[in-house]
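1. Any chance you can model this:
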Amino acid sequence: MEKRFKVWIYKEGEPPIVHDGPGASIYAIEGHFMSEMEGKTSPFVARHPAEAHAFFLPFSVVNIVHFFYRPKANGYWEHMKRLIADYIDVIADKHPYWKRSLGADHFMVSCHGWAPPLSHANPELYQNSIRVICNANTSEGFKLGKDVTLPEVHLSDGLLSQPPRDQLHTERTTLAFFAGGSHGYIRQMLLHHWKGKDTEVVVHEYLPKGTSYGELMRKSKFCLCPSGYEVASPRIVESIFMGCVPVIISVDYPLPFSDVLDWSKFSVQIPVEKIPEIKTTLQGISERQYQVLRRRVLLVQRHFVLHRPAKRYDLMHMVLHSIWLRRLNVRVSYLPERNIRFLETKMM
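-> Model (predicted):
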């Protein structure tokens, strides 16, 4: 992939709606991906569209929502969708590549929770294009083998960070830890059963004053990562950073980079209905099994680190690799006698 994969980035449009995105907050990956691709150092950027394997649509859903969402205004939803539809119409009218593939070799990148419904702005964007999104919910139209799960990376101040060193020797005295708001039914269920009720499964809705979130993660064997209002959670990346084995509690959520990473080897997945049995489940994991999981968490850390510029095997390269795999699986066929193009997708 590193030697062959080339991406053409459309030049049309102006910031902040196009060619710009957030560099901080839970949506940070959207802006950093765009900035990395539009910088001068990426080896994946095509010099000419004719040599490209994939085409990047660099519009920012986060900025569209920020600048055009008005809760009390009428028609704001359709207005936001119209912005995306008009942008794609400009691309399709000006260049031959969208119509040539029905959008199948094009991709968008967004971490905003509204990215999936706003992608309905263009039927081919939703149906054919590769949607690289954090809110990867299969019950809401996320398509396995076509779309890509984008890890949610929380950069509160926009500054990049590295996993702490010497994590194998960190003293971990807490069995499991979670702190977070009561967002969505999964967290509500978790808080109902465990908030303030156990000294080994430590669950807070709000951390006590003077308590360090990061330190509590570093002192825990397992870090609970329940979905909130959306299926994605930045806690998955945070726990991997802290060398804490992630315990994933979600529904209809394909985990990031599952094409190449076997999450069962370095995480624990607990069904929502088993939330009352969290302690029993985790205590059933032997110390030897836990140490294997933990070492594997440290091995996969490099795949969740965000570098600028990007480095081999880091988060940015992993996302591009996921796009590359999906591009390999798409072939556009043409029936000249009927002037019809159709897609053939080989599911992974």
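2. Which of the helices or strands spans H321?
-> helix 315-328 (DSSP states H and E).
3. For that helix, output the C-alpha coordinates as CSV.
-> Coordinates of each C-alpha in helix 315-328 appear next as CSV, following Å, rounded to 0.1, in the frame of the first residue of the first chain:
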residue,chain,number,x,y,z
LEU,A,315,-3.5,5.6,13.3
MET,A,316,-3.4,7.7,10.1
HIS,A,317,-1.8,4.9,8.1
MET,A,318,-4.2,2.4,9.5
VAL,A,319,-7.1,4.5,8.3
LEU,A,320,-5.6,4.8,4.9
HIS,A,321,-5.0,1.0,4.8
SER,A,322,-8.7,0.4,5.6
ILE,A,323,-9.7,2.7,2.7
TRP,A,324,-7.2,0.9,0.4
LEU,A,325,-8.7,-2.5,1.3
ARG,A,326,-12.2,-1.3,0.4
ARG,A,327,-11.0,0.3,-2.8
LEU,A,328,-9.5,-3.1,-3.8
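4. which parts of that helix are buried?
-> Within helix 315-328, the residues that count as buried by 16 or more other CB atoms under 10 Å are 315-327. (Glycine included, C-beta is placed from N, CA and C.)
5. Next: stretch 137-154.
-> Under 16+ other CB under 10 Å, the buried positions of stretch 137-154 are N137, F142, K143, K146, D147, V148, T149, L150, P151, E152, V153.
6. can you pull the contacts of the last one?
-> It refers to V153. I26, A28, I29, H32, P234, V237, F304, L306, L315 (CB atoms under 8 Å, 6 or more residues apart in numbering).
7. switch to 10 Å and redo it
-> 25-30, 32, 111, 134, 160-161, 234, 236-238, 241, 304-306, 315 (CB atoms under 10 Å, 6 or more residues apart in numbering).
8. Just the buried ones among those residues, please.
-> For the contacts of V153, buried by 16+ other CB under 10 Å: 25-30, 32, 111, 134, 234, 236-238, 241, 304-306, 315.
9. Show only the entries of these found in helices.
-> The members of those that map onto helices under DSSP state H are A28, I29, E30, H32, I236, V237, E238, F241, L315.
10. SS state for the nearest residue to D147 once chain neighbours are set aside?
-> Nearest non-adjacent residue to D147, counting by CB to CB, 6 or more residues apart in numbering: R131, 4.5 Å away. What DSSP: H, G, I helix; E, B strand; the rest coil gives for R131 is strand.
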